[in-house]
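Novice: Just need the structure, nothing else, for what follows:
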Amino acid sequence: MYEALIEKTTECAYSTLPVKEYISAESLPNRFAVFRHDVDRKPQNALDIARIEAEHGVTATYYFRTVDKTFNPELIQTIASLGHEIGYHYEDLDRADGDIDRAHELFAENLEQLRAVCDIDTVCMHGNPLTPHDNRDIWTEEYDFDEYGLLGEAYLSANFTDLTYFSDTGRTWRDGTLKVKDTTTGPSEKQYQASGTEELIQLVKSGRLQRPYILSHPNRWAGSYDELVYVTGKDTVINVGKRALQMFR
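Specialist: Modelled structure (predicted):
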């Protein structure tokens, strides 16, 4: 299904941009798509998707956490060698329990750890629905991207009045209560929604989406029926937990 989405995007003559090119471009194509991946778990799935994209001439951005279950230097370098952008999927305000100064100390350490593997130009927050913090809150007047040599942040540096944002958080592309922290920042305009990938493909085919920005989490996708059953069941349980948390907040 993901390959079908990629095929339809290229077939319909969308240019594809990684996040760093979107942020840094002096002028943008009239019609383009940004493909972003947050690698929370299962880095092998990320590599499988990266290879599909490379086969179709699509360049995407992969944001990696620096936890043991995702930080695999050899695999990260392989994805970069396919032409994709690698970024830091930061969660340092969570790790510092809300202490912004300590969060920046951790951010600097973890960014350098990832930069020892490959170039890093952009970052993106990791949104844990179980913590009270929004990791984007580390960016204050005292701290900015320039001091880290960064072009920007995947949410904070995007213009969502110009982009149409879709995320598979909650195992649906449709916006709603399951997107606990995976929400856009600043003003936004969104006319179209999609529940499943087939609906998203039809939106791309229709030409109504001029500039889609599509986030997927590789751990939510499956390469076999057994894996699909497992990840669907796991996401269903997580979604029940999200709804329960929202009821008691």
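Novice: For the protein, just list every one of the strands.
Specialist: For the chain, strands defined by DSSP state E occupy the ranges 15-17, 32-39, 61-64, 85-90, 122-125, 152-153, 164-167, 212-216.
Novice: what's the closest of those strands to residue 114?
Specialist: With CB to CB as the criterion, residue 114 lies closest to strand 85-90 of those, at 5.1 Å. Where you see a C-beta, it was placed from the backbone N, CA and C, and this is true even at glycine.
Novice: ok, residue 179 - contacts?
Specialist: Residues near residue 179 by CB atoms under 8 Å, 6 or more residues apart in numbering: 167, 169-170.
Novice: how about a cut-off of 10 Å?
Specialist: 127, 129, 165, 167-170, 172, 242 (CB atoms under 10 Å, 6 or more residues apart in numbering).
Novice: Of the residues you listed - the most surrounded one?
Specialist: When neighbours are counted by other CB atoms under 10 Å, residue 169 leads the contacts of residue 179 with 25 neighbours.
Novice: Was I right to think that residue contacts residue 183?
Specialist: Yes. With contact defined as CB atoms under 10 Å, residue 169 reaches residue 183; the gap is 9.4 Å.
Novice: Could you pull out the residues contacting both of these two?
Specialist: Residues touching both residue 169 and residue 183 by CB under 10 Å, 6+ apart: 127, 175.
Novice: The closest residue in space to residue 110 that isn't next to it in sequence: how many residues sit nearby?
Specialist: Leaving aside its sequence neighbours, residue 110 sits nearest to residue 66 (CB to CB, 6 or more residues apart in numbering; 4.5 Å). The tally of other residues near residue 66 (other CB under 10 Å) stands at 18.
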